[in-house]
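Chemist: fold the following.
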Amino acid sequence: MCLEIRPALTGNDLDRIGALRHRVFAEEGRFYPTRPDGRVLDVFDCVPTSLNLGAYHENRLIASVRVTRDDPVYGLPSDPHYGFRSRPDIAPTGLVASSHLCCDREARGRIGVLHALMRVAYLWVMDHQGQTVIAVFNPAVQRLMTRLGFHALEQRPCPSLAMDTEIVPMMAPVTGFSDHIVSLYWTRDRRQTESF
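Modeler: Okay, the predicted model is just below:
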């Protein structure tokens with residue numbers, strides 16, 4: 001499958017991502033109530049510390065993820081869900097949150113799709129001097145995220161502090177990313193930033 005990974009640079013790009021999130025998180029997963037506009041978007045989609053990435057196959061959006069640099073003004077989207085900042089094993093500087101990782105039903109089970117998407121997300125983290133990526137994941141994707149370099153901070157799923165659902169809080173130090181992701185970071189053409 002040939003994929004194009006590109007950032008959401010326009011309102012239309014973000015609208016498509018919001019619609020995919022709504023299908024996955026509201027209609028299928030029931031993590032959010034369904035919304036009349038059929039979109040799941042929040043304040044972190046509009047702050048300058050965030051980047052939304054989409055994975056496209058034949059110009060059809062099939063997966064997306066958001067990465068957000070920590071900032072004293074905006075904070076992180078993971079803050080309400082779990083006490084990452086109170087953990088002594090997580091440095092208080094260089095934090096980046098991964099959030100709203102989702103994949104269209106037809107593309108699920110294809111590790112290559114999420115792997116490609118997360119590779120580009122990791123590149124962005126490295127470009128912005130991120131040291132640790134934190135995230136709260138659906139327990140169903142814990143094994144996949146472990147394969148991508150994350151490790152769980154709790155022995156079993158725990159309740160989100162912000163929603164009525166169980167989560168797996170996870171972290172990935174930049175130094176723990178797979179070697180091929182690091183090598184991609186160093187060998188890519190830094191001038192090509194619009195799509196991958």
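Chemist: for the rest of this, base every contact and every neighbour count on C-alpha atoms.
Modeler: OK.
Chemist: which strands and helices lie in contact with the longest helix along the chain?
Modeler: For the chain, the longest helix by residue count, based on DSSP state H, is helix 111-127. Other helices and strands packing on helix 111-127, by 3 or more CA pairs under 8 Å, 6 or more residues apart in numbering; DSSP states H and E, are strand 4-7, strand 50-57, strand 60-69, helix 179-187.
Chemist: and the third one, how far from the chain's centre?
Modeler: In terms of CA atoms, centre = their mean, to the nearest Å, the centre of strand 60-69 is found 6 Å from the chain centre.
Chemist: which strands or helices does it pack on?
Modeler: helix 11-21, strand 50-57, strand 95-103, helix 111-127.
Chemist: poorly predicted segments of this protein, please.
Modeler: For the chain, applying pLDDT under 70 flags the ranges 1, 109-111, 176-196.
Chemist: element containing the residue lying farthest from the centre of it, please.
Modeler: Going by CA atoms, centre = their mean, the residue of the chain most distant from its centre is Pro36, 24.6 Å out. Assigned by DSSP states H and E, Pro36 belongs to no helix or strand.
Chemist: ok, it to Pro92 distance?
Modeler: 38 Å (CA to CA, to the nearest Å).
Chemist: also Arg147?
Modeler: 25 Å.
Chemist: same question, Ile167
Modeler: Applying CA to CA to Ile167 and Pro92 gives a distance of 22 Å.
Chemist: identify the bridge partners of Leu61.
Modeler: Tyr56 (DSSP bridges).
Chemist: isn't it right next to Arg21, touching?
Modeler: No: using CA atoms under 8 Å, Leu61 is not in contact with Arg21, being 10.9 Å away.
Chemist: so between these two, which is more surrounded?
Modeler: When Leu61 and Arg21 are compared for neighbours, Arg21 comes out ahead with 27 against 20, by other CA atoms under 10 Å.
Chemist: which residue packs closest to that one, ignoring adjacent ones?
Modeler: Val40 (5.6 Å; CA to CA, 6 or more residues apart in numbering).
Chemist: what's the local residue count around that neighbour?
Modeler: Neighbour number of Val40 under other CA under 10 Å is 22.
Chemist: ok, back up a step: could the helices and strands packed on helix 111-127 be laid out in TSV, adding distance to Leu14?
Modeler: Formatted as TSV, the helices and strands packed on helix 111-127 follow (distance: least, CA to CA, whole Å):
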stretch	distance to Leu14
strand 4-7	9
strand 50-57	8
strand 60-69	10
helix 179-187	25
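Chemist: and of the ones you listed, who's closest to Gly83?
Modeler: strand 60-69 (16.8 Å; CA to CA).
Chemist: and the angle for the closest one with helix 11-21?
Modeler: 100 degrees (axes from the mean of the first three to the mean of the last three CA atoms, to 10 degrees).
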